[in-house]
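In: show me how the following folds:
(2 chains)
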Protein chains: 2
Amino acid sequence: MNPHDPPRPRPRPGGRTARIREQVLDAVRAELTEHGYDALTVDTVAARAGVHRTTVYRRWRDTGGLIADLFDAAADIDWHPRDTGSLRGDLAALNAEIQESFTEQPSIAAALVAVSFRSDEAARALQQLWEDRYTQSEIVVERALRRGELPPHTDHRALLIAATAPVYHHVVLLRAPTDPALPDRAAHAATLAGRAGAFAPSR
Amino acid sequence: MNPHDPPRPRPRPGGRTARIREQVLDAVRAELTEHGYDALTVDTVAARAGVHRTTVYRRWRDTGGLIADLFDAAADIDWHPRDTGSLRGDLAALNAEIQESFTEQPSIAAALVAVSFRSDEAARALQQLWEDRYTQSEIVVERALRRGELPPHTDHRALLIAATAPVYHHVVLLRAPTDPALPDRAAHAATLAGRAGAFAPSR
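Out: Numbers count the residues shown, from 1 in each chain, chains lettered A, B, ... in the order given. Okay, here's the model as predicted:
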């Protein structure tokens, strides 16, 4: 977005503006997962959403604006990792959520990753979304530290990335068949490595 | 490729056919890393390679054929993981190679991953290439087992994926700045987890 653009109208939850935004973003998600980024146009989104095309052009301008708002909407979700009472359990629950989000049909997560290889703006938005999710997940390591499950000075982010990366690698890059044991196995491996001090600097 | 296509001429190493293939694939790599998949055409590849366009059309047919041959060429490389004398060292060397291949400029590896999100044929070819590389890397786990560094029945592939996934996640998906400590840190974590039995089924 151009920094000189007028600010978007702030949606009141439940108001007409919010309702239209929801209809339009639902249409973007459906078009992306069914036809991909190449086929995405403001006109097809407007038609699918049942919203006048001039409304969509005025508010979102172009497909770049629609995609940016899709990421904003994902970032706005009030997401928190589950609290299962153990580090391995928390990491396994996190991994199961990640695996599910990429293997469900249709997968918005998979569509957003694919778009990130087409548009630099989308790549930056996805980077920010992941940054937010990892920051929100640091509480998992906090809790484990408080329970004494990990050595002090454990690097929160390094442990979280070690725990989740195998799931992303499987579903996004290797495109391997879903392995139902993987979320817990990756959680278990990261927990054992973490306990053994792999993510705490030796001093 | 159509299964009824005549087989491609088998290149004699150093022969004219092999030389033309090398010139053409070099041009494909240069076009992909400079202008991306969208801009790739047989004509620009032929012009860049200094090869007559009818030669390229006859032998590769279209950009799909060029991309497929690029993956074939990558698969033909006689690649072996380094033998450093320890599991952690071998995995760190493997990770350093992966990180380097994605961060060097221009990066063919990054271009191939980007293409895999545009073409199903390329996605399958990349899947096969990774399958081959992981199979070739299993010797690293074999050697560690022989040295007694890992419990028997350790799952070779699960350990290799745990060791390498954080590097792929960083450079391909998170698009994070290069972290020179990551190859060894991920190797160390997978080694500790492996020693603790994370990749050996409990029986």
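In: who are the packing partners of the helix or strand where A:A93 lies?
Out: Following DSSP states H and E, one finds A:A93 within helix A:87-103. For helix A:87-103, the packing partners by 3 or more C-beta pairs under 8 Å, 6 or more residues apart in numbering or on different chains; DSSP states H and E come out as helix A:108-116, helix A:120-146, helix A:156-168, helix A:182-195. Placement of C-beta: from N, CA and C, glycine included.
In: of the ones you listed, which is nearest A:V51?
Out: Closest approach to A:V51 among these is made by helix A:108-116 (19.8 Å; C-beta to C-beta).
In: which residues does the closest one contact?
Out: A:29, A:32-33, A:36-37, A:67, A:70-71, A:74, A:101-102, A:122-123, A:125-126, A:129, A:171-172, B:117, B:173 (C-beta atoms under 8 Å, 6 or more residues apart in numbering or on different chains).
In: buried only: go through these for me.
Out: A:29, A:32, A:37, A:67, A:70-71, A:74, A:102, A:122, A:125-126, A:129, A:171-172, B:117, B:173 (16 or more other C-beta atoms under 10 Å in any protein chain shown).
In: so how far is stretch A:99-112 from its chain's centroid?
Out: 10 Å (C-alpha atoms, centre = their mean, to the nearest Å).
In: I misspoke; the intended subject was stretch A:44-51.
Out: 25 Å.
In: what are the buried residues along it?
Out: In terms of neighbour count (16+ other C-beta under 10 Å), stretch A:44-51 has its buried residues at A:44-46, A:48-49, A:51.
In: show only the entries of the residues you listed found in helices.
Out: Judged by DSSP state H, the buried residues of stretch A:44-51 include A:44-46, A:48-49 as members of helices.
In: which one of those residues is nearest to B:N95?
Out: A:V45 (41.9 Å).
In: the closest one contacts A:R29, doesn't it?
Out: No - applying C-beta atoms under 8 Å as the test, A:V45 and A:R29 come out as separate, 10.0 Å apart.
In: where does A:I77 fall, phi/psi-wise?
Out: Main-chain dihedrals, A:I77, degrees, to the nearest 10: phi -60, psi 130.
In: so what pLDDT did it get?
Out: On pLDDT, A:I77 comes in at 88.
In: same question for A:P201.
Out: On the pLDDT scale, A:P201 gets 81.
In: now swap in A:G50 and tell me
Out: So, for A:G50, pLDDT stands at 96.
In: ok, it to A:A27 distance?
Out: 8 Å (C-beta to C-beta, to the nearest Å).
In: for A:E149, same thing?
Out: Distance, A:E149 to A:A27, by C-beta to C-beta: 45 Å.
In: the more surrounded of those two?
Out: Between A:E149 and A:A27, counted using other C-beta atoms under 10 Å in any protein chain shown, the more crowded position is A:A27 (21 against 16).
In: how does chain A divide into domains?
Out: Domain assignment of chain A by automatic domain parsing yields the ranges A:16-75, A:79-195.
In: quick check: A:D26 vs chain B, distance?
Out: Taking C-beta to the nearest C-beta, to the nearest Å as the measure, A:D26 falls 23 Å from chain B.
In: convert the C-alpha atoms of the helix or strand containing that residue to PDB, please.
Out: Per DSSP H and E, A:D26 falls inside helix A:16-35. Taking Å, rounded to 0.1, in the frame of the first residue of the first chain, the C-alpha atoms of helix A:16-35 are listed here in PDB:
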ATOM      1  CA  ARG A  16     -22.000  -3.200   7.400                       C
ATOM      2  CA  THR A  17     -18.300  -2.500   6.700                       C
ATOM      3  CA  ALA A  18     -17.200  -5.500   8.600                       C
ATOM      4  CA  ARG A  19     -19.800  -7.700   6.900                       C
ATOM      5  CA  ILE A  20     -18.700  -6.600   3.500                       C
ATOM      6  CA  ARG A  21     -15.000  -7.200   4.400                       C
ATOM      7  CA  GLU A  22     -15.900 -10.700   5.500                       C
ATOM      8  CA  GLN A  23     -17.800 -11.500   2.300                       C
ATOM      9  CA  VAL A  24     -15.000 -10.200   0.200                       C
ATOM     10  CA  LEU A  25     -12.200 -12.000   2.100                       C
ATOM     11  CA  ASP A  26     -14.200 -15.200   2.000                       C
ATOM     12  CA  ALA A  27     -14.400 -14.800  -1.800                       C
ATOM     13  CA  VAL A  28     -10.700 -14.200  -2.000                       C
ATOM     14  CA  ARG A  29     -10.000 -17.400   0.000                       C
ATOM     15  CA  ALA A  30     -12.300 -19.400  -2.200                       C
ATOM     16  CA  GLU A  31     -10.900 -18.100  -5.500                       C
ATOM     17  CA  LEU A  32      -7.300 -18.600  -4.200                       C
ATOM     18  CA  THR A  33      -7.800 -22.200  -3.100                       C
ATOM     19  CA  GLU A  34      -9.900 -23.100  -6.200                       C
ATOM     20  CA  HIS A  35      -8.200 -21.300  -9.000                       C
END
